[in-house]
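Trainee: Need coordinates for the following:
(one chain, ligands or ions: 2)
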Amino acid sequence: MSHTRYQIQAPAPVDKVILHHIALPLVEVLTTSFGGDANNDALRAAVLVELHMGGVIGWGECVAAWTPGYSYETIATATHVLESFFIPAVVGKTTLDALNKFRGHPMAKTALETAFWAAIAEYQKVPLGNLISDQPRKSRVVVGVSIGIQKDIDATLGVIDKRVKEGYKRIKLKIKPGWDYDMLKAVRDAYPDILLMADANSAYTLDDIELFKKMDNLDLLMIEQPLGHDDIYQHSKLQPQLKTPICLDESIRNVDDVRLAVEIDAGRIINLKPARVGGLTESIALHKFCHENNVPLWIGGMLETGIGRAANFAVASLPGVTLPSDLSATDRYYNPDITNEVFNLNREDSTVDVPTTAGLGVTMNPQRLAETEAAYQAAVKGR
Ligand code: OSB
Ligand code: MG
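Mentor: Numbers count the residues shown, from 1 in each chain. Ligands and ions are numbered 1, 2, ... in the order given. Reported below is the predicted structural model:
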């Protein structure tokens with residue numbers, strides 16, 4: 001979070017907030033460079049926030065993982081700060097002002113903030129996106145698919161083949177040292193025209209400059225987060241030496257980080273994950289800056305369930321989101337999901353429709369919620 005302040009006003013005070021811990025199996029594991037542990041788990045856990053206000057319910061999702069790999073937050077830290085600080089601060093209130101005094105824990109804040117906004121949208125009978133922007137929004141969002149580290153190049157080509165046949169027109173491949181240039185070159189040779197990008201999740205240093213110069217000849221759409229997860233300065237030493245744009249993911253905590261990155265040429269594309277920047281309020285500020293300054297922007301994903309995905313689609317529908325987002329169809333992640341509605345890929349143009357119904361745009365499947373809560377309890381015992 002930066003100096004941006006929560007500012008939305010609710011029509012009624014928050015009555016109560018209930019947390020749900022869930023775990024559900026991923027259809028396809030996403031192995032990343034920070035993995036080798038539970039971050040690459042076949043079981044995705046999440047904390048869901050159920051917020052009651054004025055007779056309606058709003059839902060939000062906390063995307064922190066079991067372990068602090070992508071981010072320092074975990075299921076346990078999010079539970080702690082939500083239960084001990086964030087929820088008591090907002091119960092009985094019509095604003096989120098009380099959250100401004102708490103530092104850090106953006107994923108936990110986002111879950112509560114999104115539930116608050118979703119409840120307001122539900123109460124006012126408008127789609128969540130209408131609260132985010134009064135500008136015309138897109139009705140469908142161009143999406144790509146993120147593919148994890150596979151056992152070999154053949155397996156990688158097999159997964160890509162499947163995704164291309166499904167209709168995905170932008171392929172993102174996770175890379176790490178030893179699994180980078182040769183793999184990407186083989187993919188580029190097999191698919192000369194596809195929109196292809198790589199996500200390093202901070203696995204490299206400036207010593208790897210020669211490798212990046214080789215990758216620079218593969219016509220990649222972008223290279224996501226090559227250097228330190230909390231670095232901007234060193235990226236400014238790399239970007240000017242490449243023609244491929246660097247996209248910053250982990251490094252961007254707020255709109256001011258974007259301002260700095262753009263000013264010192266540390267990256268030329270921004271991945272906005274609302275959960276990484278503390279929620280919708282900061283996302284709106286960040287989007288506004290990128291839109292006004294022509295900084296290419298897309299929405300990243302954290303393997304969200306239908307709850308978090310619906311909120312991300314509301315943000316992805318903003319006019320300044322100009323590149324394909326990591327918001328794939330539901331069947332790439334969960335079967336079944338916890339929501340009644342599923343997101344489908346429109347094969348002809350690699351898009352997904354933005355929900356248009358009032359509130360978050362999806363509804364909870366209570367039976368599936370109970371099942372996934374039981375699965376969480378069972379999983380915790382095994383850890
Ligand atoms: O770095 O973008 C990332 C998933 C979990 C953690 C980090 C990342 C990702 C993805 C997946 O790449 C995006 C998705 O939800 O499809
Ligand atoms: Mg990333």
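Trainee: all contacts plus neighbour counts: C-alpha atoms, from now on.
Mentor: Noted.
Trainee: who's in contact with residue 51?
Mentor: Taking Cα atoms under 8 Å, 6 or more residues apart in numbering as the contact definition, residue 51 lies against 14, 15, 16, 17, 18, 57, 58, 59, 112, 115, 116, 119.
Trainee: and it, what element?
Mentor: strand 43-53 (DSSP states H and E).
Trainee: Strand partners (parallel or antiparallel) of that strand?
Mentor: Each strand paired with strand 43-53, and its direction, by DSSP bridges: strand 14-25 (antiparallel), strand 56-62 (antiparallel).
Trainee: Could you check how far the closest residue to residue 147 other than its chain neighbours is from residue 223?
Mentor: For residue 147, the nearest residue in space outside its immediate sequence neighbours is residue 173; the separation is 5.0 Å by Cα to Cα, 6 or more residues apart in numbering. According to Cα to Cα, to the nearest Å, residue 173 stands 10 Å off from residue 223.
Trainee: Mind listing the shared neighbours of these two?
Mentor: Residues touching both residue 173 and residue 223 (Cα under 8 Å, 6+ apart) are 197, 198, 199.
Trainee: Any of those buried? List them.
Mentor: For the shared contacts of residue 173 and residue 223, a neighbour count by 16 or more other Cα atoms under 10 Å gives the buried set as 197, 198, 199.
Trainee: Run the chain-centre distance for stretch 125-133.
Mentor: Stretch 125-133 sits 19 Å away from the centroid of its parent chain (Cα atoms, centre = their mean, to the nearest Å).
Trainee: What residues of it count as buried?
Mentor: Residues of stretch 125-133 classed as buried: 126, 127, 128, 129, 130, 131, 132 (neighbour count, 16+ other Cα under 10 Å).
Trainee: nearest to residue 184, of these?
Mentor: Each of the buried residues of stretch 125-133 was checked against residue 184 using Cα to Cα; the closest is residue 129, at 36.7 Å.
Trainee: Which elements pack onto the one helix or strand the closest one maps to?
Mentor: Under the assignment given by DSSP H and E, the secondary-structure element containing residue 129 is helix 128-132. In terms of contacts (3 or more Cα pairs under 8 Å, 6 or more residues apart in numbering; DSSP states H and E), helix 128-132 is packed against helix 106-124, helix 306-316.
Trainee: for the closest residue to residue 316 other than its chain neighbours, which residues make a bridge with it?
Mentor: In space, and not counting its chain neighbours, residue 316 is closest to residue 299: 6.0 Å by Cα to Cα, 6+ apart. Legend: beta-bridge partners of residue 299 under DSSP bridges are residue 272.
Trainee: Span of stretch 22-30 from start to end?
Mentor: Its start and end residues considered, stretch 22-30 measures 19 Å (Cα to Cα).
Trainee: if we can go back for a sec, mind pulling up the phi and psi values for the residue nearest to residue 147?
Mentor: The main-chain torsion angles of residue 173 are listed as degrees, to the nearest 10 and equal phi -120, psi 130.
Trainee: That one and residue 198 touch, don't they?
Mentor: Yes. Under the criterion of Cα atoms under 8 Å, residue 173 makes contact with residue 198 at 4.8 Å.
Trainee: who's in contact with residue 321?
Mentor: Contacts here follow Cα under 8 Å, 6+ apart; on that basis residue 321 touches 287, 291, 296, 297, 298, 299.
Trainee: Could you point out which of these is nearest to ligand 1?
Mentor: Proximity of those to ligand 1 (Cα to the nearest ligand atom) peaks at residue 299, which lies at 9.2 Å.
Trainee: quick check, distance from stretch 295-312 to the centre of its chain.
Mentor: Distance, centroid of stretch 295-312 to centroid of chain: 4 Å (Cα atoms, centre = their mean).
Trainee: can you give me the helices in the stretch 251-383 of the chain?
Mentor: For the stretch 251-383 of the chain, the helices defined by DSSP state H, counting those that start in this stretch occupy 255-263, 280-292, 306-316, 366-381.
Trainee: elements contacting the second one?
Mentor: Identification of packing neighbours for helix 280-292 by 3+ Cα pairs under 8 Å, 6+ apart yields helix 106-124, helix 255-263.
Trainee: Tell me which of those is the most buried.
Mentor: Across these, the average number of neighbours (mean count of other Cα atoms under 10 Å) peaks for helix 106-124, which reaches a mean of 27.
Trainee: pLDDT of that helix, averaged?
Mentor: Helix 106-124 shows a mean pLDDT of 98.
Trainee: now swap in stretch 76-96 and tell me
Mentor: For stretch 76-96, the per-residue pLDDT values average out at 98.
Trainee: what do you get for stretch 145-158?
Mentor: Throughout stretch 145-158, pLDDT has a mean value of 98.
Trainee: can you list contacts of it?
Mentor: If you take Cα under 8 Å, 6+ apart as the criterion, stretch 145-158 is touched by 29-33, 159-160, 163, 168, 170-175, 179, 183, 186-187, 326-328.
Trainee: and what of stretch 322-334?
Mentor: Looking at what lies outside stretch 322-334 - Cα under 8 Å, 6+ apart - the contacts are 24-28, 141-146, 170, 296-301, 303, 305-306, 309, 312-313, 316, 337, 342-345, 352.
Trainee: tell me, which of the residues you listed make contact with ligand 1?
Mentor: Residues shared between the contacts of stretch 322-334 and the neighbourhood of ligand 1 are 146, 300, 301, 303 [Cα under 6 Å from any ligand atom].
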